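Student: what shape does this take:
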Amino acid sequence: MSVECFVTGGTGFIGQHLLANLSAKGHTVRVLMRRPERLAALREQVDNLEGIATRIFAVAGDLERDNLGLSPSDQAVLKQSRVVFHLGAHFAWGLSSEHCRAVNVEGAKRVALLAAGQKSRLVMIGGYMLKNHEHLLRIGIDPRHPELTNWPAVYRHVGAYEASKLEAHFATLQVMSAKGGEVNVVHPATVCGHSRTGHILDGQPLVALIRNLAQGKLAAVPGTAEHWLPLVTVDYLVELVAACAFDPAMAGQELLALDDQSPNLRELLGQVAHPMGLKPPRHHISLRLLKLLLSIPPVARFLNTSAEALDFIQTTRFDTAAVEQFANRHGIAKPDIRQSLQHTAMFVNSYCIAKHRAA
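Tutor: Numbering: from 1, shown residues only. Modelled structure (predicted):
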């Protein structure tokens, strides 16, 4: 059955794959775009990702504007949306807290108000660190009483991007609860490229890691043999997101999208090094020492890394029984994460070569 959907963040990496997935299943998708004149390029990308471009439409608007900057006519059209997918966020290290709050927190609240006001189900992308309760408590967030959080202290502790995503999560849940709205949250691990094609966009954390390895800037493995970077392939993730949106049993539920077969960081680097003909680092460097080095601006610029990124490398393991059961119930096959890493590395490598030749 074809359903009307509204998507924020549709031009991003996960967003593009979600548009392809939804349109291929016959749904009509309206995408919030600050520059709707770029719809043709987005449709072309959706076609490249095996979606149906003619089912994608642009809606002019902006997360930073009241009522998302929507015109009255667009507001009327969006009332037909059965599901609102909120993926929109500004991602980068070193952002100001003011900017991140304006886009990531206040923007999420505006999307929540829209969804609740028109009785659409809201499906929001969170992050797997929200399922690491020890980490949340350590940085000053009690998930049972988020209203007591000293948010300025959290922003100072983990950086503006991650803090704003955490704040946006709790703020959105509060809005939906107050308005009686229906919400799902999917918490993805670090997103790997497509399991078959390796497709991934520049700017993704995994791309930066692969590029640093290729440029010889990763001489040691951060952390210890116990440290890992939890992963999920983008195609598995969007299958889970789409299934959540239309599953009545998932109303009000959260789902952790994380592949428990993700290798430790040393093996991950080995997997991406192999198809590029590189030797991965063998020795480790402590995260504390690396954070200290990255606090020196010239070092951080040379290594193309921020200390903010190191919080995602951890030893905590997660219970993935719920997502495994959910995927099995919906017939969603989990790809081989090691093969997916190799395909991603080959895609990034070919992208870098093409970019170098073009320059």
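
Student: pLDDT weak spots in the protein?
Tutor: Within the chain, the segments meeting pLDDT under 70 span 352-359.

Student: buried ones in stretch 207-221, by neighbour count?
Tutor: For stretch 207-221, burial by neighbour count (16 or more other C-beta atoms under 10 Å) applies to 207, 208, 209, 210, 211, 212, 213, 214, 218, 221. Yep, even glycine has a C-beta here, placed from its N, CA and C like the rest.

Student: mind checking which of those residues land in helices?
Tutor: In this view, the buried residues of stretch 207-221 that belong to helices under DSSP state H are 207, 208, 209, 210, 211, 212, 213, 214.

Student: tell me how far the third one lies from residue 17.
Tutor: In this structure, residue 209 and residue 17 are 20 Å apart, going by C-beta to C-beta, to the nearest Å.

Student: and which of the buried residues of stretch 207-221 is nearest to residue 312?
Tutor: residue 209 (10.5 Å; C-beta to C-beta).

Student: surely that closest one touches residue 215?
Tutor: No. Using C-beta atoms under 8 Å, residue 209 and residue 215 do not qualify as a contacting pair, with a distance of 11.1 Å.

Student: including distance to residue 324, could the buried residues of stretch 207-221 go into TSV?
Tutor: Below are the buried residues of stretch 207-221 laid out as TSV (distance: C-beta to C-beta, whole Å):
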residue	distance to residue 324
207	28
208	29
209	26
210	27
211	32
212	32
213	30
214	33
218	32
221	28
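
Student: out of those residues, the closest to residue 189 would be?
Tutor: Closest approach between the buried residues of stretch 207-221 and residue 189, by C-beta to C-beta: residue 209, at 13.8 Å.

Student: got a list of what the closest one touches?
Tutor: By C-beta atoms under 8 Å, 6 or more residues apart in numbering, the contact set of residue 209 is 218, 229, 269, 272.

Student: repeat that for residue 26.
Tutor: 1, 2, 52, 55.

Student: quick one: which two of those are the most distant?
Tutor: Farthest pair in the contacts of residue 26 (C-beta to C-beta) is 1 and 52. Separation: 15.6 Å.

Student: the two: who's more crowded?
Tutor: Counted by other C-beta atoms under 10 Å, residue 1 and residue 52 do not tie: residue 52 has more neighbours, with 19 against 7.

Student: next up, phi/psi of the more buried one, please.
Tutor: phi -120, psi 100 (degrees, to the nearest 10).

Student: what's the distance between it and residue 326?
Tutor: 26 Å.

Student: dump stretch 251-262 to CSV, restricted to CA.
Tutor: Output of stretch 251-262 as CSV, limited to C-alpha atoms (Å, rounded to 0.1, in the frame of the first residue of the first chain):
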residue,chain,number,x,y,z
ALA,A,251,4.6,2.6,18.4
GLY,A,252,6.4,4.3,21.2
GLN,A,253,9.4,2.0,20.9
GLU,A,254,13.1,2.5,20.4
LEU,A,255,15.4,0.2,18.4
LEU,A,256,19.2,-0.1,18.5
ALA,A,257,20.5,-0.6,15.0
LEU,A,258,23.9,-2.0,15.7
ASP,A,259,25.8,-5.1,14.2
ASP,A,260,27.2,-7.0,17.1
GLN,A,261,29.6,-8.7,14.7
SER,A,262,31.5,-5.4,14.2
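
Student: brilliant, that's me finished.
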